[in-house]
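Student: Sequence first, then the predicted structure, then my questions.
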Amino acid sequence: MHTLEVSNLRIWDEQTDKILVKDSSFQIEPESCLAIVGESGSGKSVTCRAIMRLNKANIRHTGSIKLAGLELSELSEAEMRKLRGRQLGLIMQNGMRAFDPSSVVGSHFKETLKQHYGWSQAEITARMARAMENVMLKDPVALMNKYPHQLSGGMLQRMMIALAIVLKPTLIIADEPTSALDTLSQYEVMEQLITLKAETGCSMIFVSHDLSAVKRIADDVAVMRNGEIIESGTAAEIFTNTQHAYTKYLIDAKQALNSHFIRSMGGLALVDR
Ligand SMILES: Nc1ncnc2c1ncn2[C@@H]1O[C@H](COP(=O)(O)OP(=O)(O)O)[C@@H](O)[C@H]1O
Ligand SMILES: [Mg+2]
């Protein structure tokens with residue numbers, strides 16, 4: 001069975017009748033990662049939010065979205081709430097927004113874990129501490145007592161990844177999880193996402209502009225443009241046997257950026273991660 005099977009997904013804005021995603025279909029296999037790439041405004045985030053059922057009220061969708069065979073469109077809001085976090089994990093671009101600014105980050109974790117599992121406080125703390133060590137966060141107890149504004153964007157993303165390691169969702173949706181970070185934090189958060197995938201055996205949707213990150217983590221790639229998947233296949237196929245001119249453009253643009261960077265660094269060899 002596919003972990004996720006999306007068939008004929010169509011998303012539109014009810015206020016303007018604008019079609020945002022046309023008839024999109026894709027599948028994700030157990031323990032595999034689908035990268036969705038494409039220019040800004042092509043419909044990647046509205047697709048992710050349709051799966052989580054977190055789009056704004058004016059954004060409507062039809063089509064079938066099955067998580068491990070379960071048709072999500074037929075679930076009530078209360079049933080969806082139970083699935084979110086526990087089976088459908090979300091890692092957003094801006095980690096700060098996931099947290100309540102007025103409480104320490106540890107209380108967010110405790111609440112979320114208490115909601116999904118009947119663990120004691122001590123067990124929650126122990127599991128969180130172990131997961132935070134997994135993603136190289138030192139001194140977990142001190143970190144859990146910090147307010148979100150006291151932590152960097154990279155730290156917050158890693159805390160979210162640690163939480164996901166404990167929750168072990170079936171599917172993680174990471175929508176541009178590194179775009180708001182500096183280069184070093186981007187690299188670290190990518191490492192931790194790879195750890196998360198290995199630790200939990202989850203499937204993943206990874207939305208990114210960073211094709212070198214896509215190469216590192218994705219098994220399959222879907223290229224979106226103007227609300228349509230214009231090309232899809234295994235990562236190897238997409239990178240070596242590109243069919244569509246637009247995909248070639250994306251890959252070439254990335255290479256041009258790399259060689260510009262190499263030139264501006266005075267010819268230093270840039271290792272393609
Ligand atoms: N809340 C919203 N209301 C109306 N239109 C929206 C809303 N969110 C996104 N859109 C529109 O949907 C299209 C796809 O957006 P989005 O999925 O955010 O693109 P991407 O994530 O690929 O950059 C864009 O044309 C965007 O303007
Ligand atoms: Mg987006």
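Tutor: Everything's here; your move. Ligands and ions are numbered 1, 2, ... in the order given.

Student: in what helix or strand does the closest residue to residue 154 other than its chain neighbours lie?
Tutor: The spatially closest residue to residue 154, leaving aside those adjacent along the chain, is residue 185, at 3.0 Å (C-beta to C-beta, 6 or more residues apart in numbering). C-beta coordinates here come from the backbone N, C-alpha and C atoms, glycine included. Secondary structure assigned from DSSP states H and E places residue 185 in helix 183-200.

Student: Show me which residues of this protein sit near ligand 1.
Tutor: Within the chain, the residues that sit near ligand 1 (C-beta under 6 Å from any ligand atom) are 13, 20, 38, 40-46, 56, 58-59.

Student: rewinding a little: if I look at the residue nearest to residue 154, how far off is residue 157?
Tutor: Applying C-beta to C-beta, to the nearest Å, the value for residue 185 to residue 157 is 8 Å.

Student: ok, now which ones touch the nearest residue to residue 20 once chain neighbours are set aside?
Tutor: Distances taken as C-beta to C-beta, 6+ apart place residue 11 nearest to residue 20, at 4.6 Å, with adjacent residues excluded. Residues near residue 11 by C-beta atoms under 8 Å, 6 or more residues apart in numbering: 19, 20, 21, 43, 46, 47, 50, 55, 59, 60, 61, 227.

Student: So for the helix or strand harbouring residue 11, mean pLDDT?
Tutor: Secondary structure assignment for residue 11, by DSSP H and E: strand 4-13. Strand 4-13 shows a mean pLDDT of 98.

Student: buried sites along that strand?
Tutor: For strand 4-13, a neighbour-count test (16 or more other C-beta atoms under 10 Å) marks 4, 5, 6, 9, 10, 11, 12 as buried.

Student: and which of the residues you listed is nearest ligand 1?
Tutor: Nearest to ligand 1 among the buried residues of strand 4-13 is residue 11, at 7.7 Å by C-beta to the nearest ligand atom.
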